[in-house]
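In: Sequence unavailable; structure follows:
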């Protein structure tokens, strides 16, 4: 009897799961439901589409539903929202949003890849027509269309995280004056203090008006529901439009109503096979929590890299395979104008919260041979465990080449390397690419010396 695998969600995890399931079991009927009109697109590229770095829309959306079905044999139903899971009957209740009709689909295996939802602000005026979010490709299209047609000159961005940083650069590139409102003293809460100060300096250097410790109390609109100013506890900021970049949370209501277990971050909990506690139901992507490979605790890390990997594991196992996803260390980067910024592993505050006895060092080095054209400074702030000598976390910021060093450090953490082992790895020396002593090796030797001095 032909196996039926239903997949809910069409961004990163869903198409990865559906494609893998079809490859493992070509005879299976694989149906993917997506409530929007786009599938398998690049949400991380949307700020660059808004700013004009990415000029072709088709580059963001390489696989439309018809192409996905034609090339991979997956039935794709866009404009369809899953509303209920009847797990005892192995049925999924789905609403066709275009016709407003409900239908039941029977499954052998079900994969939830429903992603995340934007955090909401309970603030007066939040539903004005010139308030935007950057949660989907449709959001990006709407912002770009607004800028192209209305030619605004002033924007207020609420939120100083990764998306907020990308939007600052995108809007400045479009000639828009940006005010960035953040609740803390420096942007990018969660990074090391040294990194956050460098990011702040880069924003200010490029004309972004960063306002610290700002809590929005009201959005002031005209009679036609168009915002003209944002009011906080300390002031008022005039604008032509607003972008909310206040983060996301797991889209887990559908799972919760089906009695699927959630974690402390309200994301779906799975085992290494991406199985939930309910028989024949798997989950993957931003709706899930992820096991932190350094602390062993659950984290919420909504990243496309993990979503796609989890999706492949869920799809393979739903089709009868034996794949595993063991967790993540957290590897994330952002470009802030001319500054590359990356975080791998845990922060010093997380290390303290988890009871690690650690040391912390900062090194400033060259990306290439010092006199070579294009050389730039790279700063690495890293922590290592005093007992095991393992690298626990690092922030890297600086010129071109910074993020590539973060990849090396991330691999070292994932493989549980000690700083002594890290200092012995074979890295390339070539003047156009790296100095004789690569920044990673300089860091490792600094950590090794400091740990030896404490022995």
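Out: That came through, no problem. Since the structure is predicted, the reported quantities are computational estimates derived from the model, not experimental observations. Numbers count the residues shown, from 1 in each chain.

In: how's the protein carved up into domains?
Out: Domain segmentation of the chain under automatic domain parsing yields 4-35+79-117+249-318, 120-246, 338-454.

In: Would you mind finding the most buried of these?
Out: A comparison of these by mean neighbour count, using mean count of other C-beta atoms under 10 Å, puts domain 4-35+79-117+249-318 on top with a mean of 21. (Glycine included, C-beta is placed from N, CA and C.)

In: Give me the distance from it to the chain's centre.
Out: What separates the centre of domain 4-35+79-117+249-318 from the centre of its chain is 18 Å, taken as C-alpha atoms, centre = their mean, to the nearest Å.

In: okay, how far is it across that domain, tip to tip?
Out: 10 Å (C-alpha to C-alpha, to the nearest Å).

In: Distance to residue 58 added to the domains of the chain, as a markdown table?
Out: Shown next, in a markdown table, are those (distance: least, C-beta to C-beta, whole Å):
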| stretch | distance to residue 58 |
| --- | --- |
| domain 4-35+79-117+249-318 | 17 |
| domain 120-246 | 12 |
| domain 338-454 | 27 |
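
In: would you list those in TSV and tack on mean pLDDT and distance to residue 73?
Out: Conversion of the domains of the chain to TSV gives the following (pLDDT from 0 to 100; distance: least, C-beta to C-beta, whole Å):
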stretch	mean pLDDT	distance to residue 73
domain 4-35+79-117+249-318	96	5
domain 120-246	95	24
domain 338-454	95	34
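
In: so where do the strands sit in the stretch 101-250 of the chain?
Out: 101-106, 109-112, 116-118, 131-133, 154-158, 177-181, 209-211, 216-221, 227-232, 236-238, 241-244, 248-250 (DSSP state E, counting those that start in this stretch).

In: which stretch among these comes nearest residue 327?
Out: strand 248-250 (16.7 Å; C-beta to C-beta).

In: Which strands or helices does the very next helix or strand once past that closest one pack on?
Out: Next in sequence after strand 248-250, counting helices and strands by DSSP states H and E, comes helix 253-257. Other elements packing on helix 253-257 under the criterion 3 or more C-beta pairs under 8 Å, 6 or more residues apart in numbering; DSSP states H and E are strand 80-86.

In: what comes into contact with the strand it packs on?
Out: By C-beta atoms under 8 Å, 6 or more residues apart in numbering, the surrounding residues in contact with strand 80-86 are 8, 33-35, 91-97, 102, 104, 110, 114, 254-255, 257-258, 281.

In: Give me the helices and strands touching the helix or strand encompassing residue 362, please.
Out: Taking DSSP H and E as the criterion, residue 362 maps to strand 358-366. Judged by 3+ C-beta pairs under 8 Å, 6+ apart, strand 358-366 is in contact with helix 348-353, strand 377-385, helix 439-454.

In: Mind doing that once more with 7 Å?
Out: Here strand 358-366 touches strand 377-385, helix 439-454, going by 3 or more C-beta pairs under 7 Å, 6 or more residues apart in numbering; DSSP states H and E.

In: Any chance you could list what contacts that strand?
Out: 194, 348, 351, 375, 377-386, 392, 435, 439, 442-443, 446-447, 450-451 (C-beta atoms under 7 Å, 6 or more residues apart in numbering).

In: How about stretch 38-48?
Out: So stretch 38-48 is contacted by 10-11, 15, 54, 60-61, 63, 65, 68, 76, 78, 134, 136-137, 140, 166-167, 170, 304 (C-beta under 7 Å, 6+ apart).

In: For beta bridges, what are the partners of residue 109?
Out: residue 5 (DSSP bridges).

In: For residue 310, see how far away it is.
Out: 15 Å (C-beta to C-beta, to the nearest Å).

In: One more: residue 443?
Out: Residue 443 is 31 Å from residue 310, where distance means C-beta to C-beta.
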